[in-house]
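*Asks:* I'll drop the sequence and a predicted model, then ask my questions.
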Amino acid sequence: MHPNADVLQGTLDLLILKSVSIDSMHGWGISQRIQQISSGVLEVNQGSLYPALHRLVKRGWLQAAWGTSENNRRARFYRLTTLGKKQLADETATWRRFSAAVEAILATS
Amino acid sequence: MSIWTDIVHRVRGRLSRESNANLTDELRFHLEMETRQLEATGLSRADAENEARRRFGGVDRYTEELRDERGGRFFEHLRLDARYALRLARRFPAFTAIVVLTLGISIGANTAIFSVVDAVLLRPLPFPRGQDLVLLYAQNPDKSLPRFSVSYADYVDWRKETHSFTDIAAYTTSSLTFTDHEDVQRLAGLSVTPNFFDVLLARPQLGRLYHDRDPASETDNEIVLTYGFWQRALAADPSIVGRPIKIGGSSRTVIGVLPADFNLDGNPVDALTVLVPAAIPNVESHGQHILNAVGRLRPGTSLESAQADLLGVATRVAAADPGIAGWTANVFHLGDELVRGLASPLYILLAAAGLVLLIGCINVANLLLTRSAIREREVALRQALGAARSRLVGQLMVESAELAIAGTLLGLLIGKLTLRAILAFAPTGLLPASIGIDTRVLAFAAALIVFATVAVGLWPALSATRSRLTASLHDGGRASTGGLGTLRARRTLVVAETSLALVLLICAGLVIQSLGHMLRVDPGFRTDRVVSMRVSLNGSRYNDTTQIQFFRDLQSRLEARAGIEAVAAANTPPIASGGIVTNIRLVGVPQRAGEKLMGAATAITPGFFRTLSMRIVQGRDVEWNDTHPSLLVSEAAAREYWPDQSAIGKRIAFGPRDTLGLEVVGVVADSRSRGLTTAAPAMIYMAYSGATRLGRTMTLVIRGRGDAGAVLATTKAVVHEIDPTLALFNVRTVDAIVQQSIGQPRLNTMLLSFFAIIAMTLATIGIYGVVSYSVAQRTQEIGVRMALGAAQRDVMNLILREGGALAMIGVVVGVGGALVATRFIQSWLFGIERMDLPTIVVTAVALIVVAVAASYLPARRASQVDPLVAMRAD
């Protein structure tokens, strides 16, 4: 298991929601997008990615549908639901508050 | 196990075959994309695939985890747990064997007893709406006769004037002779009023039954057969309906056959004929108590209101007829009447079996607790690795369930064998022969599984998972730290089972001694080498004179034969009947107005006392040549009727018209003619020739030198010489009758002792287990003691004292329990007090001795501990 699994898990949900907020995407695409945008700093553990996707579907934040990938393969695409949009907004706000607080503490010395 | 795999696959397949495929597809897509990307960086196809797979870490594992995310893992876990439990069972064969055997024996005992309870007490009567059927009796509270037969006149009045019953029918047993070619057979007949089957709502298997139309005349020569007789004697001939069969010298037309399950009161019946009131002597008299009555309550009528209704009618009838002053009526549910005398012993035995099950479960819980203590480290480790508590408890429960299922299967087998033994030992006629392990008993066994699983599994499961993580892990190599708390719990369990076992042992000890007392009772007549059989003098050739002549002839001819010593006849069997209770009057003794004296009388032929070796203490026997019929009385009767006077020469009159009465010519020593456990009753033995109406069915008592078969053969030959149309029936030795009369106490004693032995064995295993466990716990302490100079003997004493102390506490609690429990078996005791001190002391000492003996092995093990090894072992 990943040593920081817990921390990552909470963040992972946010990152997934953000990734699919513009366009629907399949699992591999999501992992690529996170890696690219973070310039390789955040590497998504596949073992956590798929359970997380299914968990988010079950909570009603994502909707999954089978479609055709860019290379004409059958792939499962995930799309943000209305409930998911609200959740994304909430979690973004929470994260900003959290990171600002951490930043403030780090800045003091 | 393959079954499990099968089930799991099937269930899982049905739930999510499609989504499973999708899941794999999705992951495969991911892998392929990854591979492609790696290929683009310059890796070969094969290397790229390998690298992608490595990064992912195996498709199977994630499929599994994803499935967890979506539920459906329940069956998966069940399968794994079951497999694990089986592996554990194989790893600890002794443990598994003891647990399964314990559960098997205790569940077996319960299944056997419950089968009997089910068959006897819980099965509905074989008639529609059987709960509305009632038996009606005449009763006489003054003479404590709550259930007396009914007169035809009573029956007619009750039927006409009560309003609580849809109808009432009357019936009485009759003796029929069936002639098939040369063979003469005596049939158990029932003579019934034409509405009998309407009351019972019985339906025929073949043909038709009687109905309440014009009574008598047209049905007088008809007959209804029971299924058993039709099968046995008529080879189940389907064309029998409408054909005549030969009954008692005339022919009767078979109109129907009853279904196989027809059973009124458990007594065998072969054929049913219509009761002809004209054939009843003195039919208008309310005092002619010869019938049984069965009625059906109107729907919604309670037994109490029916009783009040009937009582009102009976009181009015009695008020109009001084001859039956004091007589009223009684009504009971048919179902309750059939099991009277059987219900409470069965519930007691069921309770005893329940105690055995309780002890068994305590024992198994104890053993599981031992193992869970051993496994505490395993459990703690798994908890540390993140296993959920519910998951661990679930697994331990599955282990218990597996043991419980194996135990129950073994229990069904043991139950079957026990049931066979019960039926073999039960006196004939006490229990229905059809008792078997049926679906209801299986349901009962299944309920026991649930009980056993929960009772046995839950505690250890909770106790094991409650363990403080760090404590158990820090404990290193030692067995456990939960030790002290667990040990206390285990000691409590052992004390509980020891005390329950003692309760059963004391009860068993009491009933065994009671049975011993019953067997040592002197009945007052000899039972060995005496054969009794019934004979019915049917047909037109018999009247009072020829009947007397028949028995006189039989006696002189039979006593002349080799191997026969003495012969006589009586109208009631020598034991368990106690004569016929009838109105008597002591001639010359003034009687208070309205008071009626009842006496038990039996009609005998000369030689009766000689045959049964009963001592005539005063006067003489009756004789064939007596010019006037005379009688003898028992010592008890002489004391009761003429206190402080000699009975010889006094007279007793029977019936209101008899003024002269019969003269007492002798006094006979008391005998227990009502059963071994009933005090000898006051008896009147009147000369057969003096009876107001000479019985046609008599019991012959014959003392011979050979075995019963030889005596019967000789008797048959002589009877045939005198009258070839006569049949002998109910042939039994008097010994067998006496044994039968204590058959039920014997069965009760056997079962209760059986349970007590099981309980004691289980308690012994329990003590052995807990002491062994405590020795294992204290190995280090013992090592220290021995290093400090304790001798082997000291260590042994230390451990033996522990076993003894547990048993001692169990004994104190158990004696307290016995104070309560013995109250329920009070009625089974004979010649012994409920709290018999010697019994209590002997069983208690026995239990303590056994407990100390059970501690001997662990104590020896403790004494051979090597101090160096013990102290290093950490």
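*Replies:* Okay, I see it.
*Asks:* buried residues in stretch B:843-856?
*Replies:* Across stretch B:843-856, burial judged by 16 or more other CB atoms under 10 Å in any protein chain shown covers B:843-844, B:847-848, B:850-852, B:854-855. Every C-beta, even on glycine, is put in place using the N, C-alpha and C of the backbone.
*Asks:* now do stretch B:344-354
*Replies:* Applying 16+ other CB under 10 Å to stretch B:344-354 flags B:345-346, B:348-350, B:352-354 as buried.
*Asks:* residues in contact with that stretch?
*Replies:* With CB atoms under 8 Å, 6 or more residues apart in numbering or on different chains as the contact definition, stretch B:344-354 has outside contacts at B:106, B:109-110, B:112-114, B:116-117, B:120-121, B:339, B:504, B:507, B:744, B:748, B:751-752, B:755, B:824-825, B:827-828.
*Asks:* show me the biggest helix of chain A in terms of residues.
*Replies:* helix A:82-108 (DSSP state H).
*Asks:* okay, buried residues for that one please.
*Replies:* A:84, A:87-88, A:91.
*Asks:* ok, now stretch B:95-108?
*Replies:* For stretch B:95-108, by 16+ other CB under 10 Å, it's B:95-96, B:98-108.
*Asks:* would you turn the buried residues of stretch B:843-856 into a markdown table with pLDDT?
*Replies:* Output for the buried residues of stretch B:843-856, formatted as a markdown table (pLDDT from 0 to 100):
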| residue | pLDDT |
| --- | --- |
| B:843 | 92 |
| B:844 | 93 |
| B:847 | 90 |
| B:848 | 90 |
| B:850 | 90 |
| B:851 | 88 |
| B:852 | 89 |
| B:854 | 87 |
| B:855 | 88 |
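*Asks:* among those, which ones are in helices?
*Replies:* Filtering the buried residues of stretch B:843-856 for helices - DSSP H - leaves B:843-844, B:847-848, B:850-852, B:854-855.
*Asks:* adding distance to residue A:65, write those out as CSV.
*Replies:* Below are those laid out as CSV (distance: CB to CB, whole Å):
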residue, distance to residue A:65
B:843, 78
B:844, 79
B:847, 74
B:848, 77
B:850, 74
B:851, 73
B:852, 77
B:854, 70
B:855, 72
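*Asks:* please report phi then psi for residue B:686.
*Replies:* phi -100, psi 150 (degrees, to the nearest 10).
*Asks:* what's the closest non-adjacent residue to it?
*Replies:* residue B:631 (4.1 Å; CB to CB, 6 or more residues apart in numbering or on different chains).
*Asks:* neighbours of the one you found, how many?
*Replies:* For residue B:631, the count of nearby residues is 24 (other CB atoms under 10 Å in any protein chain shown).
*Asks:* after the host helix or strand of it, next one along is what?
*Replies:* For residue B:631, the element it lies in under DSSP states H and E is strand B:630-634. Note on strand B:630-634: by DSSP H and E, the next helix or strand toward the C-terminus is helix B:635-641.
*Asks:* any idea how far the following helix or strand past that following helix is from the chain center?
*Replies:* With elements assigned by DSSP H and E, the helix or strand that comes after helix B:635-641 is strand B:651-654. Relative to its chain's centre, strand B:651-654 lies at 44 Å (CA atoms, centre = their mean, to the nearest Å).
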